[in-house]
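>>> Here you go, sequence then predicted model.
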Amino acid sequence: MALIFGFDIGTTSIGWAVIWYGSSDGRDRILALGVRIFPEAREPDGTPFNQNRRQKRMARRQLRRRWVRRRVLNEALANAGLLPQFGTEDWRTVMSAEPTTLRVKGLTERLEPHEVGRALYHLAQRRHFAGRDLEETDEAESADEKDAETNRESTRKVLKANRWTLGEFLAAKVPEPGKPPFERHRGTHASREAVEQEFDRLCSEQAQYHEALRDPGLVARIKDGIFAQRPVFWRLNTFGQCRFMPGEPLCPKGSWLSQQRRTLEKLNNLALSGGNMRPLDPEERQLILEKLQYQASMSWDAVRSALKLLYRARGEAGREKALRFNLQDGGDPKLLGNATEAKLEDIFGAGWRTHPHRQSIRDAVQTRLWNADYGQIGEQRVVIRTESECTGLRNDAEQSFIADFGATAAEAAALKNLHLPSGWEPFSTAALMQLLPHLEAGTRFGALLNRASLLLLL
């Protein structure tokens, strides 16, 4: 016999109940229950209370980092004789010069030392957007972000068609009437890559005139001062812990295991809608699963098509046409499948389902590509690696797929270029491994989480 205290934590309420469970007379009883409702921590328009404070704090951080970056760059250029000391009259005079003209002239002609410094300093002031470190992300882009990306792509096409540097492109723009020439670069969206290419060309050309720029160490320090980017990171203590196996590493969402868990969860929740809301029978479930676990998703028409032969064999030809599903009625546009498995089958083709190293490859792809894209700093942070680091480590992973699993060069190259979903499950890999057989047997995930037998996971 035991008292069980249950809590349902919501955004604006906490529900609770006390149950007398396992009594000798076989009559379990609810001793008490209730709910506590409280106001949501938001403004009347739905804005979180702390959003304005958080935005201002981020702005202060960005301004401070920009100031530090430019101070370090200014000191490096001044020590090399390419700029006057900061704050002097000479420095203000140099900074008043129109920089775009100097950026264009420096590609083919000799610049004075301080003119070189002014051109390089302007690249730091307008270094543009570096792009996301990973191609796939769960976050949706805003309308402004989409417009900016469209403009960056337009600028990229113009630079490629005319073989211009970004400085040449800006110099070709006509300023608005009544505004100074240097205003013509306002509102231009470009990629960080274009700025870096111009930096390399400018330094290479001016190195023949200025000895300081023939020092690789100095050029590297200047380039780092202009383009160095703080790594994007997550704090590990913000992820939470697995409720069943605290301390065990959480399962990444891009892994085959996470994708299979999601696939089986959706499939086990699927039922035929109508008066009785009938669950799928074993044959119906198996036919859908055979297709679903090798696809990223299935349309509802495809789900019906998967059942067509079964109903014909049962003497119920055409029955599938009238089927509706509970998830479909609930607003799901399609039935989600295993995106990672679908990608692997595309790479290995018809031989994938009988591949001798299939499970090993499933596990290795996620682990090795994750380690190529991310790095863990102690027990505190996970950082997104730089593009150059990712490239080198993914190349190493490519060779390991060939050496360890006998993959062909084409298969290994395709594996190297996979981009898996980011983020983590709220459950550990070890816990999901024990949950998986129950999901494969058809147990609903929600019911499984609430079953007393889940104590076996501890």
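Yes, it's here. Numbering: from 1, shown residues only.

>>> Run through who's touching stretch 325-333.
Stretch 325-333 is contacted by residues 266, 269-273, 277, 300, 303, 335 when judged by C-beta atoms under 8 Å, 6 or more residues apart in numbering. Using the backbone N, CA and C atoms, a C-beta is placed for each residue, glycine as well.

>>> Now, of those, which are buried?
With burial judged by 16 or more other C-beta atoms under 10 Å, the buried subset of those is 266, 269-270, 272-273, 300, 303, 335.

>>> Around E411, how many other residues sit close by?
E411 has 20 neighbours, counted by other C-beta atoms under 10 Å.

>>> immediately after the helix or strand it falls within, which helix or strand?
Here E411 is covered by helix 409-416, with elements defined by DSSP states H and E. Per DSSP H and E, helix 409-416 leads on to strand 424-428 as the next helix or strand towards the C-terminus.

>>> could you give the mean pLDDT of that next one?
The average pLDDT within strand 424-428 is 90.

>>> and the gap between E153 and G117?
Look at E153 and G117: by C-beta to C-beta, to the nearest Å, they are 32 Å apart.

>>> So these two - more neighbours on which side?
Using other C-beta under 10 Å as the criterion, E153 and G117 rank with G117 on top: 28 against 12.

>>> who's in contact with that one?
Taking C-beta under 8 Å, 6+ apart, we find G117 in contact with 77-78, 82-83, 94.

>>> how near is it to G315?
Distance from G117 to G315, by C-beta to C-beta: 86 Å.

>>> quick one: least confident of the contacts of stretch 325-333?
M277 (79).

>>> quick one: that one from A441, how far?
Counting by C-beta to C-beta - M277 and A441 are separated by 21 Å.

>>> what are the ranges of the helices in the stretch 201-350 of the chain?
For the stretch 201-350 of the chain, the helices defined by DSSP state H, counting those that start in this stretch cover 216-227, 256-269, 282-292, 300-306, 308-313, 326-329, 339-348.

>>> Could you export the ones you listed as JSON lines, including distance to A410?
JSON lines is the format used below for the helices of the stretch 201-350 of the chain (distance: least, C-beta to C-beta, whole Å):
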{"stretch": "helix 216-227", "distance to A410": "34"}
{"stretch": "helix 256-269", "distance to A410": "21"}
{"stretch": "helix 282-292", "distance to A410": "26"}
{"stretch": "helix 300-306", "distance to A410": "29"}
{"stretch": "helix 308-313", "distance to A410": "35"}
{"stretch": "helix 326-329", "distance to A410": "37"}
{"stretch": "helix 339-348", "distance to A410": "9"}
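
>>> CSV for the contacts of G117, including neighbour count and pLDDT?
As requested, those are exported to CSV (neighbours: other C-beta atoms under 10 Å; pLDDT from 0 to 100):
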residue, neighbour count, pLDDT
L77, 26, 94
A78, 17, 93
L82, 27, 94
L83, 26, 94
V94, 20, 93
